[in-house]
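In: here you go, sequence then predicted model.
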Amino acid sequence: MENIGSEVIFYIIAAVMVIFSVMAVTTKHLLRSATYLLFVLFGTAAIYFQLEYEFLGAIQVAVYAGGIVVLFVFSILLTQGLGKKQEKIKKSKLVLALSAAVIGAVVCLYSLISHVFPNSRYALGEDITMKRVGEDLLGSGQYQYVLPFELISVLLLACIIGGIMIARKR
Amino acid sequence: MEIPYIYYLVVSGVMFFAGVYGFIARRNMLAILISLELMLNAVDINFVVFNRYLYPCQLEGFFFTMFAIAIAAAETAIAIAIIINIYRNIKNIKSDNLDKMKN
C-alpha cells in the first residue's frame, strides 16, 4: 500500500463505483441497470482486495457476481424481456426522491468531513490467515461467532423452503 | 501514509444515496431490489473500512460483512421468488399495481 500505484488504482475504483452506481439507478433499461450493478459489485470486491481482506473479496465475487446478478438477469428476462423500456418517472416522485437523496448526501458528507476521526492504525494490522477466520467463525469463546453462523444456516434452510413454497406452480 | 479512510467513506456514502434515490423514484420492483443491493453494499464497505483502519487486530467488521452478504443473498432469492409469483398473477411488476394481494 506504500507506492503511488495503489493510490491511482483506488481513484480508478472509486470513480468506477460512483459513476456506475449513479447510472444503475438512472438508466431506463433494466438489464443495463443489472449490468452496472455488477460493475459496482466488482468494484466493492476490488476495495476488499485492496484492504487485504482477500477472503471477503472472494466471497463478494462468488456470492454477488456469481449468484445474485445471475438471479437478477434471469428474473428480468422472465418478467419483462429485452426490448421494453421503463416508463417515465412521475414528476412529484422524482422531486421527492432527488430531494431525499441530495439532502441526505449533503448532511452525511458534511458530518463526515467535519467530524474528527481517531488516527488510522492500519500499519499495526496483522495478516488474516484462513486458520484465524475458520477458528473465529466456529469457536464459541469471546469474539467468536458460532451462534450467528448456526443462525445463518437455519435462515438459509428457511429461505430454501420458502423459495420453493412461494415460487411453485399451483 | 496511505489513502485516508475518509475517501472510502465518501465513495460508500455516494453509493448509498444513489440507492436511496432509486428506491424512492423507480416503480419496477426489480429496480427497487437493485437499489437495495447498492445500499447494502455501501454499508458493507463502511464496516470493512472501519475494521481495517481503526481496529486492525480484531475481526468484528469482517464477520459482520460476511453475515450481511449471506443474509442479502437469502433475502434477494426470496424477494425474486415473490416477484416472479406476482408476475404470474397480475402480469407486471410495477409497484403501484400491487394494491390487491389476494390469491
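Out: Yep, that arrived. Numbers count the residues shown, from 1 in each chain, chains lettered A, B, ... in the order given.
In: contact partners for residue 65?
Out: Picking chain A for this. The contact partners of A:Ala65, taken as C-beta atoms under 8 Å, 6 or more residues apart in numbering or on different chains, are A:38, A:41-42, A:45. For the C-beta atoms, the positions are set from N, CA and C on the backbone; glycine is no exception.
In: hm, I was asking about chain B
Out: Residues counted as contacts of B:Thr65 (C-beta under 8 Å, 6+ apart) are A:56, B:44, B:47-48.
In: and the gap between A:Met165 and chain B?
Out: When distances are taken as C-beta to the nearest C-beta, to the nearest Å, A:Met165 and chain B turn out to be 9 Å apart.
In: any low-confidence regions in chain A?
Out: With pLDDT under 70 as the threshold, chain A has low-confidence stretches at A:1-2, A:82-87, A:123-126, A:170.
In: now the helices for it?
Out: In chain A, helices defined by DSSP state H lie at A:4-26, A:30-50, A:54-59, A:69-79, A:91-114, A:130-138, A:146-167, listed in chain order.
In: in the shortest one, what's buried?
Out: Along helix A:54-59, these residues count as buried under the neighbour rule (16 or more other C-beta atoms under 10 Å in any protein chain shown): A:56-57, A:59.
In: swap in the first one?
Out: Residues of helix A:4-26 classed as buried under the neighbour-count rule (16+ other C-beta under 10 Å) are A:10, A:13-14, A:16-18, A:20-25.
In: so which elements touch that helix?
Out: In terms of contacts (3 or more C-beta pairs under 8 Å, 6 or more residues apart in numbering or on different chains; DSSP states H and E), helix A:4-26 is packed against helix A:30-50, helix B:5-25, helix B:29-54.
In: re earlier: return the most buried member of the helices of chain A.
Out: helix A:30-50 (a mean of 21; mean count of other C-beta atoms under 10 Å in any protein chain shown).
In: kindly export that one (C-alpha atoms) in PDB.
Out: Extracted in PDB, the C-alpha atoms of helix A:30-50 (Å, rounded to 0.1, in the frame of the first residue of the first chain):
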ATOM      1  CA  LEU A  30     -33.500  -2.800 -16.500                       C
ATOM      2  CA  LEU A  31     -30.900  -5.100 -18.000                       C
ATOM      3  CA  ARG A  32     -28.300  -2.300 -18.200                       C
ATOM      4  CA  SER A  33     -29.100  -1.500 -14.600                       C
ATOM      5  CA  ALA A  34     -28.300  -5.000 -13.600                       C
ATOM      6  CA  THR A  35     -25.000  -4.900 -15.600                       C
ATOM      7  CA  TYR A  36     -24.000  -1.600 -13.900                       C
ATOM      8  CA  LEU A  37     -24.800  -3.200 -10.600                       C
ATOM      9  CA  LEU A  38     -22.400  -6.000 -11.500                       C
ATOM     10  CA  PHE A  39     -19.600  -3.400 -12.100                       C
ATOM     11  CA  VAL A  40     -20.300  -1.800  -8.700                       C
ATOM     12  CA  LEU A  41     -20.100  -5.200  -7.000                       C
ATOM     13  CA  PHE A  42     -16.800  -5.900  -8.700                       C
ATOM     14  CA  GLY A  43     -15.600  -2.500  -7.500                       C
ATOM     15  CA  THR A  44     -16.600  -3.400  -4.000                       C
ATOM     16  CA  ALA A  45     -14.700  -6.700  -4.300                       C
ATOM     17  CA  ALA A  46     -11.600  -4.700  -5.500                       C
ATOM     18  CA  ILE A  47     -11.800  -2.500  -2.500                       C
ATOM     19  CA  TYR A  48     -11.900  -5.600  -0.200                       C
ATOM     20  CA  PHE A  49      -8.800  -6.900  -2.100                       C
ATOM     21  CA  GLN A  50      -7.100  -3.600  -1.700                       C
END
